[in-house]
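# Model the structure of this input:
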Amino acid sequence: MIVQVAAAARFAGLGDVTDDAPPPNVLFIAIDDLRPDLGCYGVPHARSPRLDAFADTAMVFEQHYVQAPSCGPSRAALLTGRDPARSGRLGNASLYGGKRALSREALDGAQTMPELFRRNGYRTVCIGKISHTPDGRVFAYDGSGDGRDELPNAWDVLATPFGPWERGWGAFFAYAGGRHREDGTGARSVFEFIAETDDALPDGLMARAATEQLKDLAERDGPFFLGVGFFKPHLPFVATRADRAALEGVEVPPPPWPEPLEGPYDSRSGEFMGYRGAGEDAVEARRAYLACVRYVDRQVGVVLGALEETGLAKNTIVVVWGDHGWHLGDSGIWGKHTLLDRSLRSVLMVRAPGVTRAGSRTASLVATLDLYPTLVDLCGLEDRRTSHELDGVSLRPLLDGTAPSVRDAVTARWGKAATVRTGTHRLLARRRDGEWRDVRLYLTADGPDPITDRSNAEPKTVEALLERLER
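Predicted structure coming up:
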């Protein structure tokens with residue numbers, strides 16, 4: 001089917017470019033488990049100078065929400081442009097496993113965003129975790145498997161460096177010195193800060209690999225789509241010794257509302273509690289997370305610096321995206337698998353030369369689903385054939401200031417539960433026996449943590465939002 005986006009039949013591309021101007025490049029930076037704990041998002045105890053500086057050149061989306069609170073399905077929504085409610089992709093293997101696996105064959109329309117760019121003559125390069133697997137290939141944690149591409153027909157180059165960890169999942173769960181969570185040595189501490197240099201850890205190696213790719217791309221003719229997916233601050237919380245030391249004198253607040261959430265939407269995440277030392281000191285764990293944010297901020301700076309040095313920045317769209325948020329003890333939850341704001345709200349910043357108003361911000365609701373049609377719109381792709389309709393809308397009217405909003409609600413799914421968020425409310429419900437049950441309604445004005453259930457006090461609001469979920 002043909003992608004539906006709000007633009008003319010033949011997109012003009014960035015700004016006022018003519019048909020003779022080269023099409024824009026795309027640098028897509030994904031950061032795993034990054035909630036909006038950055039200075040540019042108003043968190044004073046965060047240490048994120050490079051991302052803060054980038055925010056001054058881009059648009060910051062203050063109310064960006066993902067469509068599932070887990071790596072695999074969130075990235076599936078990003079890459080396919082399909083809402084999980086329609087696609088059913090709610091597992092980590094949703095792109096490559098089971099009946100919903102992407103076809104190995106080349107279909108009439110592209111199945112994923114990088115495949116569509118590749119069909120339009122872009123050189124597509126993947127470094128790190130853009131889809132669910134940490135290197136774009138399908139292997140088990142122990143390295144077994146056939147190593148097929150997770151996104152068929154999408155990437156010209158898969159360039160993730162493994163270093164001493166030797167394989168993708170080893171690098172993803174890395175500790176210093178080539179150790180990792182799955183190597184049988186018992187390496188499973190919730191945090192470690194012994195590395196002396198950035199390159200002693202995988203994200204540092206990936207930043208350098210991205211730099212080399214940018215140098216190569218600068219010498220080539222034609223546009224590129226470069227995806228760089230950093231691992232931190234995903235567990236385990238591992239960064240350099242200096243990153244932890246830099247947070248030593250910083251006053252990190254304890255979790256707000258630390259009492260466990262009551263009701264059917266709490267989270268007993270085994271991901272965090274499965275590490276040694278987890279749960280012993282909430283403030284120390286939050287400080288360790290921020291140390292990892294500081295580390296990955298520096299790696300993003302390396303990549304953005306290389307973009308400038310190669311002269312590519314003036315014609316390259318840059319997207320910085322977090323695949324979901326994370327609970328750091330908020331509401332007594334440690335992990336991401338909830339349908340609350342802490343899990344679903346994440347970082348999104350976009351810089352489109354000639355379009356974005358530098359240093360601009362918007363509190364308008366936007367969804368991860370909107371990024372696919374936005375990039376198609378901004379890049380003026382001629383071949384827009386996809387194997388399915390896209391469920392998002394272009395964010396260009398927000399980027400160029402021609403509209404104050406593009407949507408009035410955002411939805412998300414997790415298991416049999418679903419949520420819809422508007423500018424004033426978040427409703428949660430669970431599908432059982434063909435009906436919506438366990439309904440909860442919260443005011444967004446109360447903050448990101450659920451405090452008072454208003455479902456009995458506002459029955460008409462509940463009815464309207466359940467109807468939206470049904471649609």
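
# my guess is residue 27 contacts residue 306, does it?
No: counting by C-beta atoms under 8 Å, residue 27 stays clear of residue 306, with 9.8 Å between them. Bear in mind the C-beta positions are built from the backbone N, C-alpha and C, glycine included.

# Between these two, which has more neighbouring residues?
Per other C-beta atoms under 10 Å, whichever of residue 27 and residue 306 has more neighbours is residue 27, with 24 against 21.

# did I read that right, that one in a strand?
Yes: counting by DSSP: H, G, I helix; E, B strand; the rest coil, residue 27 is found in a strand.

# who touches it in this structure?
Counting by C-beta atoms under 8 Å, 6 or more residues apart in numbering, residue 27 touches 226, 228, 303, 307, 316, 317, 318, 319.

# average pLDDT across stretch 241-248?
Stretch 241-248 shows a mean pLDDT of 98.

# Buried residues in that stretch, which are they?
241, 242, 243, 244, 246, 247 (16 or more other C-beta atoms under 10 Å).

# I would like the residues contacting that stretch, please.
By C-beta under 8 Å, 6+ apart, stretch 241-248 touches 47, 193, 194, 195, 196, 287, 288, 290, 291, 292, 294, 295.

# any idea which element the last one lies in?
Residue 295 is part of helix 282-309, with elements assigned from DSSP states H and E.

# Low-confidence regions, this structure specifically.
Counting by pLDDT under 70, the chain contains low-confidence residues at 1-19, 268.

# show me where it has helices.
For the chain, the helices defined by DSSP state H cover 49-55, 71-80, 84-87, 113-119, 168-172, 202-219, 241-246, 270-273, 282-309, 341-344, 371-379, 396-399, 459-470.

# Out of those, which is closest to residue 358?
The closest of the helices of the chain to residue 358 is helix 49-55. By C-beta to C-beta, the value is 9.6 Å.

# other SSEs contacting that closest one?
Secondary-structure packing of helix 49-55 (3 or more C-beta pairs under 8 Å, 6 or more residues apart in numbering; DSSP states H and E): helix 282-309, strand 316-322, strand 348-351.

# which of the residues in it are buried?
Judged by neighbour count (16+ other C-beta under 10 Å), helix 49-55 contains these buried residues: 50, 51, 52, 54, 55.

# burial of the residue lying closest to the last one once chain neighbours are set aside, as a residue count?
Once flanking residues are discounted, residue 55 sits nearest to residue 40: 3.7 Å by C-beta to C-beta, 6 or more residues apart in numbering. Applying other C-beta under 10 Å, we find 22 residues neighbouring residue 40.

# Same check on residue 101?
Using other C-beta under 10 Å, residue 101 has 15 other residues around it.

# Ok, residue 56 next?
Neighbours of residue 56 under the rule other C-beta under 10 Å: 12.

# Next up, the contacts around the residue lying closest to it once chain neighbours are set aside.
Residue nearest to residue 56 in three dimensions, not counting chain neighbours: residue 359, with 4.9 Å by C-beta to C-beta, 6+ apart. The contact partners of residue 359, taken as C-beta under 8 Å, 6+ apart, are 55, 56, 57, 58.

# Just give the nearest non-adjacent residue to the one residue sitting closest to the centre of the chain, would you?
With distances taken as C-alpha atoms, centre = their mean, the residue of the chain nearest its centroid is residue 323 (2.1 Å). Nearest residue to residue 323, sequence neighbours excluded (C-beta to C-beta, 6+ apart): residue 74, at 4.7 Å.

# follow-up on the earlier one: now the contacts of residue 359 as TSV including distance to residue 85?
Converted to TSV, these look like this (distance: C-beta to C-beta, whole Å):
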residue	distance to residue 85
55	31
56	36
57	35
58	30
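
# now, which of those sits nearest residue 273?
For the contacts of residue 359, the nearest to residue 273 is residue 55 (33.5 Å; C-beta to C-beta).

# hmm, back to that, using ChimeraX, define a selection of the buried residues within the contacts of stretch 241-248.
Here is the ChimeraX command that selects the buried residues among the contacts of stretch 241-248 (16+ other C-beta under 10 Å):
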select :47,193,195,287,288,290,291,292,294,295
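
# Same list, the contacts of stretch 241-248, but as TSV with distance to residue 408 please.
TSV is the format used below for the contacts of stretch 241-248 (distance: C-beta to C-beta, whole Å):
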residue	distance to residue 408
47	35
193	44
194	49
195	46
196	50
287	38
288	38
290	34
291	38
292	35
294	36
295	38
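
# Contacts only, for residue 121.
Under the criterion of C-beta under 8 Å, 6+ apart, the neighbours of residue 121 are 23, 222, 223.

# what's it sitting at in phi/psi?
phi 90, psi 10 (degrees, to the nearest 10).

# and the gap between it and residue 410?
Using C-beta to C-beta, to the nearest Å, residue 121 is found at 33 Å from residue 410.

# Could you tell me which residues make contact with residue 239?
193, 195, 201, 232, 291, 292, 294, 295.

# what's the closest of those to residue 368?
Closest to residue 368, out of all of the contacts of residue 239 and judged by C-beta to C-beta, is residue 232, at 20.0 Å.

# tally of neighbours for the closest one?
Residues near residue 232, counting by other C-beta under 10 Å: 27.

# Might one say that it is in contact with residue 294?
No: counting by C-beta under 8 Å, residue 232 does not reach residue 294; the two are 9.5 Å apart.

# Would you map the strands across the stretch 51-200 of the chain?
Assigned by DSSP state E, counting those that start in this stretch, the stretch 51-200 of the chain shows strands spanning 59-65, 123-128, 157-158, 191-195.

# Packing partners of the third one?
For strand 157-158, the elements it packs on are strand 123-128, judged by 3+ C-beta pairs under 8 Å, 6+ apart.

# now for the strand it packs on, which elements pack on it?
Where contact means 3+ C-beta pairs under 8 Å, 6+ apart, strand 123-128 is packed against helix 113-119, strand 157-158, helix 202-219, strand 224-230.

# Report the strands that pair with that strand, each with its relative direction.
Using DSSP bridges, the strands paired with strand 123-128 are strand 157-158 (parallel), strand 224-230 (parallel).

# Dump those strands to a markdown table, plus distance to residue 275 and mean neighbour count.
A markdown table is the format used below for the strands paired with strand 123-128 (distance: least, C-beta to C-beta, whole Å; neighbours: other C-beta atoms under 10 Å):
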| stretch | distance to residue 275 | mean neighbour count |
| --- | --- | --- |
| strand 157-158 | 29 | 17 |
| strand 224-230 | 20 | 26 |
